[in-house]
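> Predicted model and sequence below, questions to follow.
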Amino acid sequence: MDQDKEQDRPVLGIMLMLGFCVVAPMGDSLAKVIGQSLSLGQLLWCRFLVQVLVLIPLVWLTGRQWKMRGRVLRLTFIRTLLHIAGIGGMFTALRYLPLADAVAIAFVMPFIMLLLGKFALGEEVGPRRLIACAVGFCGTMLVVQPSFADVGWPALWPLFVAVTFALFMLVTRQIAKETDPVGLQMVSGAMAIAIMSPLLWLFSDDVAGLAMRLPDGREALLLVGIGLFGTLGHLMMTWSLRFAPSATLAPMQYLEIPFATAIGYVVFRDLPNGLASVGILITVAAGLYVVLREHSVARRQMRVPPTA
């Protein structure tokens, strides 16, 4: 009953999703600003540290479930490794690419998830959605092409991010019904700190990407901002799904691309060129088709009466 009442507040859910679409690229823009002066390892460690410091009191005050063991604990560990890799890939991409291009290329993720569902999990995916995937990939290549001409192979980092987060989402789906999403993020953040701390301590002097140094005041504020925006964005997305149906919210995620474009222009004076802009439009159109088609198929399946 409580869940039904929460689902009856779609405007709140929509506002939370809009908030996520603004907050997520803001965090990415901060990472792009500071990514030239601090190592990738330090960025990631500080980002997850802020996440843990924010979520521990939230979990404690709200009495959320966070303890886990066995299969759930193992999958959470794998999910954490994928989370570290995905965010690290995005932060690396932002060192080379305009914000809008990096975000738009990473939005190939829904197509990768669809293909993984079909070929790895045996889920039924019709020819229309497979064609939409192919169109979406073509659109993504149009975004990649100008960046590839400018910076070379680093332009492919967002594709790595998309694959990593597609696997991240598949693992999350395996444990979603057995965990509290906020408690899961707290445990995952603590795991990330536990994984990264010994690596940074042992190899800080030998590996450039793991170098640690005391940030100045401006850098410290930016590091805190990256962690806060990342954590807040996750909470907004999680809570939006409590108040509005996923069929309403899923298409809205593509608003992150125009928000990223606007933030990229205001902060860095970067805009996608003509070819990349066409590619972004194609990718968004194909992605929206896949989302709407999936919900159409799901509705039809719900109407089919169960067989005896």
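Cool, got the structure.
> Next up, the contacts around Ile257.
100, 103-104, 107, 280, 284 (Cβ atoms under 8 Å, 6 or more residues apart in numbering). Yep, even glycine has a C-beta here, placed from its N, CA and C like the rest.
> For this structure, give me the ranges with low pLDDT.
1-8, 247, 298, 301-308 (pLDDT under 70).
> repeat that with 80
Residue ranges of the chain with pLDDT under 80: 1-10, 117-118, 120-126, 206, 208, 241, 244-250, 291, 293-308.
> Just the ones of the contacts of Ile257 in helices?
100, 103-104, 280, 284 (DSSP state H).
> Tell me the one among these nearest to Arg69.
Val103 (36.5 Å; Cβ to Cβ).
> which one is the closest one nearest to, not counting chain neighbours?
In this structure, Val103 finds its nearest non-sequential neighbour in Ala260, 4.1 Å apart by Cβ to Cβ, 6 or more residues apart in numbering.
> thinking in terms of the whole chain, how far from its middle is the one helix or strand Val266 maps to?
Element membership of Val266 [criterion: DSSP states H and E] is helix 256-268. Centroid displacement of helix 256-268 relative to its chain, using Cα atoms, centre = their mean, to the nearest Å, is 17 Å.
> Also compute the angle for it relative to helix 99-106, please.
Counting by axes from the mean of the first three to the mean of the last three Cα atoms, to 10 degrees, helix 256-268 lies at 150 degrees to helix 99-106.
> Which element, helix or strand, includes the spatially most central residue of the chain?
Residue closest to the average C-alpha location in the chain (Cα atoms, centre = their mean): Phe165, at 6.4 Å. Assigned by DSSP H and E, Phe165 falls within helix 157-175.
> Let's see that helix as PDB, backbone CA atoms only.
Coordinates of each C-alpha in helix 157-175 appear next as PDB, following Å, rounded to 0.1, in the frame of the first residue of the first chain:
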ATOM      1  CA  TRP A 157      37.000   5.700 -23.500                       C
ATOM      2  CA  PRO A 158      33.200   6.500 -23.300                       C
ATOM      3  CA  LEU A 159      32.500   3.200 -25.100                       C
ATOM      4  CA  PHE A 160      34.500   1.400 -22.300                       C
ATOM      5  CA  VAL A 161      32.400   3.300 -19.800                       C
ATOM      6  CA  ALA A 162      29.200   2.200 -21.600                       C
ATOM      7  CA  VAL A 163      30.200  -1.500 -21.600                       C
ATOM      8  CA  THR A 164      31.300  -1.300 -17.900                       C
ATOM      9  CA  PHE A 165      28.100   0.300 -16.700                       C
ATOM     10  CA  ALA A 166      26.000  -2.100 -18.800                       C
ATOM     11  CA  LEU A 167      27.600  -4.900 -16.900                       C
ATOM     12  CA  PHE A 168      27.200  -2.900 -13.600                       C
ATOM     13  CA  MET A 169      23.500  -2.600 -14.300                       C
ATOM     14  CA  LEU A 170      23.100  -6.300 -15.000                       C
ATOM     15  CA  VAL A 171      24.800  -7.200 -11.700                       C
ATOM     16  CA  THR A 172      22.700  -4.600  -9.900                       C
ATOM     17  CA  ARG A 173      19.600  -6.300 -11.300                       C
ATOM     18  CA  GLN A 174      20.700  -9.600  -9.800                       C
ATOM     19  CA  ILE A 175      20.700  -8.200  -6.200                       C
END
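> From the contact counts, what lies against that helix?
Counting by 3 or more Cβ pairs under 8 Å, 6 or more residues apart in numbering; DSSP states H and E, the packing neighbours recorded for helix 157-175 are helix 70-93, helix 99-106, helix 109-119, helix 127-151.
> Following the chain onward from that helix, which element is next?
helix 181-203.
> distance between that following helix and the chain's centre?
Its chain's C-alpha centre and that of helix 181-203 lie 17 Å apart, by Cα atoms, centre = their mean.
> what's the angle from it to helix 70-93?
On the basis of the same axes, to 10 degrees, helix 181-203 is oriented at 60 degrees to helix 70-93.
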